[in-house]
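Engineer: I'd like to go over a predicted model; first the sequence, then the structure.
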Amino acid sequence: MIYIAATEISCNEIVEENMVFLGFLAFFDPPKESVKEALWRLAEKGVKVKVLTGDNLPVAIKVCKEVGIRTTNVITGPELALLEDKMFDEVVQKVTVLAKLTPVQKLQVVESLKMGNHIVGFLGDGINDSLALKGADVGISVDSGASVAKDSADIILLEKDLNVLVAGVERGRITHGNSMKYIKLAVTANFGTVVSLFVATACLPFDPLTPMQLLTQYLLYDISQLFIPWDKMDAEYVRIPHKWSAQDIASFMLWNGPASSIFDIATFFFICWYYDAATVARQEFFHAAWFVEGIVMHILVIHMIRTEKILFIQRNASWPVICVTAVICAIGIAFPYTVIGKTMAMESLPFSYFGFLVVIILGYIFIGQLVKMAYIYVYKRWL
């Protein structure tokens, strides 16, 4: 705020004497209209907002009330300086507005929140924010901010709209979710395939699949997963934050891998019993039947793992994923009937085999869904 006064002077008179006070000149800088909406959308996604400022407390409270931030629990920098470490951490967890903070205190607050098992993002544009920007998990500044603040930040916003942050949170969680799909799909499918191949190899006088057939099968597997980054995520998943856990991947593999192995092994015994394909003379038939079942099962695993809901009923994949998996499934089924399939020592399959394959598909959907429900009940999460 600037005070304005005036007086009449001559060239030799002292300026700042006998002045008449005219009034104040204030700068009106209200919060943007989009801030309240953006903060509400962040709260919906489990992102808690705290205000750390060097301004005095009344100003901070007034601005927070205008944008919808609760001001029930507030504290100032001088009050924080009197607290011991344990009490400091407890207070920082509770308060929403921290005013009159020094640059070092902002950094201390950020570090305290990180020690409390929080992932901390810090948004600032001034020189006093540089330490906190550097110390946060994600430092965010704006294009019009101080140079040192922009140098300390991980992300620089080019648009003056906090809804960009909301979009970033959503996209980040979708990316994380699709990455977890790919990882859990890979370990689950590979674990199930290894178990199935081990059982079949131990029981047969020949290899369940030749090296070329196995490489072709895995090439089709990989192509079917190429569009997972463009898949949709369940709204329930995007609504809350998630953390990386290697232990979670191991438990997921051990729960879900055997579910597909059960039906691989059931197919193995059916082929050997019904079609008498456990002999060397019938190995081309066995190779074709096992190859087709493996492709179909892998496609089912993709759709089973990508959502915690019932596949094809409660949740569908994105169109790119649906199209590519359908094409790969069709290629896998048609492969034994092609010239390439014949070259790779595969025999054409009778239509009766596909009747059994339908039973296998329905069985896996049913058992896989039961395993999924049990896993979610025990671990309270899916991806």
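Structural biologist: Sure, I can see it.
Engineer: where's Gly332 relative to Thr325, distance?
Structural biologist: 10 Å (Cβ to Cβ, to the nearest Å). All C-beta atoms are positioned from the backbone trio N, CA, C, and that covers glycine.
Engineer: Next, show the common contact partners of those two.
Structural biologist: Common contacts of Gly332 and Thr325 (Cβ atoms under 8 Å, 6 or more residues apart in numbering): Ile299.
Engineer: Show me the helices in the stretch 1-150 of the chain, by range?
Structural biologist: 33-44, 57-67, 77-81, 85-94, 103-115, 130-135, 147-152 (DSSP state H, counting those that start in this stretch).
Engineer: Rebuild those as a markdown table, extending it with distance to Ile340 and mean pLDDT.
Structural biologist: Output for the helices of the stretch 1-150 of the chain, formatted as a markdown table (distance: least, Cβ to Cβ, whole Å; pLDDT from 0 to 100):
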| stretch | distance to Ile340 | mean pLDDT |
| --- | --- | --- |
| helix 33-44 | 52 | 90 |
| helix 57-67 | 63 | 91 |
| helix 77-81 | 71 | 93 |
| helix 85-94 | 63 | 92 |
| helix 103-115 | 55 | 95 |
| helix 130-135 | 57 | 95 |
| helix 147-152 | 56 | 93 |
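Engineer: For Glu8, find the nearest of those.
Structural biologist: Across the helices of the stretch 1-150 of the chain, Glu8 has its closest neighbour in helix 57-67 (36.6 Å, Cβ to Cβ).
Engineer: what residues are up against the nearest residue to Arg239 once chain neighbours are set aside?
Structural biologist: Spatially, and ignoring its direct neighbours in sequence, Arg239 is nearest to Lys45 (5.9 Å; Cβ to Cβ, 6 or more residues apart in numbering). Lys45 is in contact with Val166, Val169, Glu170, Arg173, Val238, Arg239, Ile240, Pro241, counting by Cβ under 8 Å, 6+ apart.
Engineer: Redo these as TSV? Include distance to Gly257, secondary structure and pLDDT.
Structural biologist: Formatted as TSV, the contacts of Lys45 follow (distance: Cβ to Cβ, whole Å; DSSP: H, G, I helix; E, B strand; the rest coil; pLDDT from 0 to 100):
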residue	distance to Gly257	secondary structure	pLDDT
Val166	37	helix	92
Val169	32	helix	93
Glu170	31	helix	93
Arg173	26	helix	93
Val238	27	helix	90
Arg239	28	coil	89
Ile240	26	coil	88
Pro241	27	coil	88
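Engineer: Of those residues, which pair is most distant in space?
Structural biologist: Val166 and Ile240, at 14.5 Å, using Cβ to Cβ across those.
Engineer: quick one: which of the two has more around it?
Structural biologist: More crowded of Val166 and Ile240, by other Cβ atoms under 10 Å: Val166, with 20 against 12.
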